[in-house]
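**Student:** Any chance you can model this:
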Amino acid sequence: MRVAVLEGVRQVALRDLPEPALHGAHDVLLRVDAVGMCGSDIHYYASGRIGSQVVRYPFVVGHEFGGTVLAVGGEVTRVKPGDRVAIDPAMPCFDCDQCRAGRAHTCRNLTFLGCPGQSSGCLCERIVMPETSCFVVPASFTDEDAALVEPLSIGCYAVKLAALQPASRILIQGCGPIGLSVLLAARQAGAERICVTEPLEYRRACALRLGAAWAGLPEAASATLAEREPLGFDFVFECCGKQEAMDQALPLLKPGGKLMLIGIPAFDRVGFAIDLLRRKEVCLQNVRRQNDCVEAAIALLEHRPEARDMITHHFTFDQTPKAFETVAGYRDSVIKAMVRL
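**Tutor:** As a prediction, this is how the structure comes out:
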């Protein structure tokens with residue numbers, strides 16, 4: 001089968017590898033139909049690492065995908081051949097202290113698709129996954145809809161973890177796919193007072209179409225936002241991984257507010273103004289991928305089909321190197337790029 005392989009920094013090649021096969025009784029063999037390009041894939045493409053996770057070449061990335069079931073192991077019960085599925089790329093052990101505590105996403109023995117040292121990714125024609133990672137999607141969903149479920153699930157989890165209320169005042173920093181997923185999930189939870197900051201005009205426009213009440217440039221937003229919400233925001237969802245965004249967030253949060261850290265910085269350390277952080281008793285909450293929110297994301301896409309607006313680019317498998325370059329360079333007004341297999 002064909003796979004797209006990282007062979008070095010900014011080096012992607014199409015290669016042939018042996019077909020995968022079922023080994024376990026709970027394995028599912030899938031045809032990969034569509035793959036979404038994620039910001040973490042771009043980190044691995046552009047720098048070869050995210051923090052301590054360093055690529056050893058050659059390596060296949062990718063973890064957002066929709067597929068079709070081709071065959072199943074002898075004890076699989078939740079899917080059958082022909083089913084179209086969205087995938088949770090996390091493969092926990094379900095037995096460690098974290099899993100037993102309902103934190104399968106921080107499993108001590110977790111393997112994750114397209115993560116160095118854990119599991120090869122989904123930029124390939126066929127792949128084997130455990131049945132626990134497979135979620136049947138409605139017949140109305142396209143292959144790309146199924147792939148979009150994964151980033152939407154992160155938005156759903158972030159909003160759930162924040163314990164957001166309908167009357168909450170919300171600021172979202174960064175309107176890439178994750179920021180827009182948070183926006184959609186917040187609206188689904190009933191929030192109406194949602195502001196966003198984003199340097200790219202076309203992404204601000206998309207946020208407004210998806211329901212943001214206000215959108216502005218980050219560097220010019222502080223005074224306007226302070227005037228707009230003089231009591232401060234209940235939640236700031238940081239979705240861009242920028243130190244300047246974190247610096248901007250603290251003065252804009254109300255006392256007792258919560259800063260939700262979702263973005264992946266390209267650097268190893270961040271800093272906070274401890275005097276302001278302490279006096280306001282601000283809560284810092286990291287958001288690690290998603291936890292038990294795939295079905296919520298499927299429901300979100302059913303109820304808010306406008307989520308598809310974030311899919312802006314479509315590439316064939318042969319065009320995978322171009323897809324990486326387009327997303328890495330923010331070219332051609334890209335938000336979410338999909339590779340169709």
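**Student:** Let's verify residue 160: helix, strand, or coil?
**Tutor:** The assignment at residue 160 comes out as helix when based on DSSP: H, G, I helix; E, B strand; the rest coil.
**Student:** OK, contacts around it?
**Tutor:** Neighbouring residues of residue 160 by C-beta atoms under 8 Å, 6 or more residues apart in numbering: 293, 296. (Glycine included, C-beta is placed from N, CA and C.)
**Student:** Give me the pLDDT for it.
**Tutor:** Looking at residue 160, its pLDDT reads 98.
**Student:** What of the one 4 residues further on?
**Tutor:** If you check residue 164, the pLDDT there is 93.
**Student:** can you tell me how far the spatially closest residue to residue 213 that is not a sequence neighbour sits from residue 257?
**Tutor:** Nearest residue to residue 213 in three dimensions, chain neighbours excluded: residue 194, at 5.6 Å (C-beta to C-beta, 6 or more residues apart in numbering). The gap separating residue 194 from residue 257 is 15 Å, by C-beta to C-beta, to the nearest Å.
**Student:** got it, and residue 141?
**Tutor:** Applying C-beta to C-beta, the value for residue 141 to residue 257 is 36 Å.
**Student:** any residues touching stretch 229-245, and which ones?
**Tutor:** Stretch 229-245 is contacted by residues 158, 162, 164-165, 168-176, 178-179, 182, 193, 195, 197, 218, 225, 246, 249, 252-255, 257-267, 270-271 when judged by C-beta under 8 Å, 6+ apart.
**Student:** Name only those of these that count as buried.
**Tutor:** By neighbour count, with 16 or more other C-beta atoms under 10 Å, the contacts of stretch 229-245 hold 158, 162, 164, 168-176, 178-179, 182, 193, 195, 197, 218, 225, 246, 249, 252-254, 257-265 as buried.
**Student:** List the ones among the residues you listed that fall in strands.
**Tutor:** Judged by DSSP state E, strands contain the following of the buried ones among the contacts of stretch 229-245: 169-173, 193, 195, 197, 253-254, 257-261.
**Student:** tell me the SS of the closest residue to residue 331 other than its chain neighbours?
**Tutor:** Leaving aside its sequence neighbours, residue 331 sits nearest to residue 325 (C-beta to C-beta, 6+ apart; 7.2 Å). Following three-state DSSP, we place residue 325 in the helix state.
**Student:** Need the pLDDT of residue 325.
**Tutor:** Looking at residue 325, its pLDDT is 98.
**Student:** these two touch, right, it and residue 334?
**Tutor:** No. Using C-beta atoms under 8 Å, residue 325 is not in contact with residue 334; the gap is 10.3 Å.
**Student:** Enumerate the helices of the protein by residue range, in sequence order.
**Tutor:** For the chain, the helices defined by DSSP state H cover 39-47, 97-100, 143-162, 177-188, 201-209, 222-228, 243-252, 274-279, 294-303, 320-328.
**Student:** Just the residues contacting the last one, thanks.
**Tutor:** What that stands for is helix 320-328. Defining contact as C-beta under 8 Å, 6+ apart, one finds that helix 320-328 is touched by 4, 10, 12-14, 37, 41-42, 45-46, 123, 313, 315, 331-332, 334, 337, 339.
**Student:** got a list of what the nearest residue to residue 323 once chain neighbours are set aside touches?
**Tutor:** Once flanking residues are discounted, residue 323 sits nearest to residue 315: 4.2 Å by C-beta to C-beta, 6+ apart. Contacts of residue 315 were listed using C-beta under 8 Å, 6+ apart, and they are 322, 323, 326, 337, 338, 339, 340.
**Student:** Which parts of this structure belong to which domain?
**Tutor:** Annotated domains of the chain cover 2-136+308-340, 153-286 [automatic domain parsing].
**Student:** And for residue 155, nearest residue in space, chain neighbours not counted?
**Tutor:** Excluding the flanking residues, the one nearest residue 155 by C-beta to C-beta, 6+ apart is residue 181, at 2.9 Å.
**Student:** from what I can see the one you found touches residue 154, true?
**Tutor:** Yes. With contact defined as C-beta under 8 Å, residue 181 reaches residue 154; the gap is 6.0 Å.
**Student:** of these two, who's got more company?
**Tutor:** Neighbours per residue (other C-beta atoms under 10 Å) separate residue 181 from residue 154, with residue 181 holding more: 31 against 24.
**Student:** Kindly state the pLDDT recorded for that one?
**Tutor:** 98.
**Student:** what's the answer for residue 199, then?
**Tutor:** We have a pLDDT of 98 for residue 199.
**Student:** which residues does it contact?
**Tutor:** Residues counted as contacts of residue 199 (C-beta under 8 Å, 6+ apart) are 217, 218, 219.
**Student:** With pLDDT and distance to residue 296 as added columns, please give those in a markdown table.
**Tutor:** Listed next are the contacts of residue 199 as a markdown table, based on pLDDT from 0 to 100; distance: C-beta to C-beta, whole Å:
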| residue | pLDDT | distance to residue 296 |
| --- | --- | --- |
| 217 | 98 | 32 |
| 218 | 97 | 29 |
| 219 | 94 | 34 |
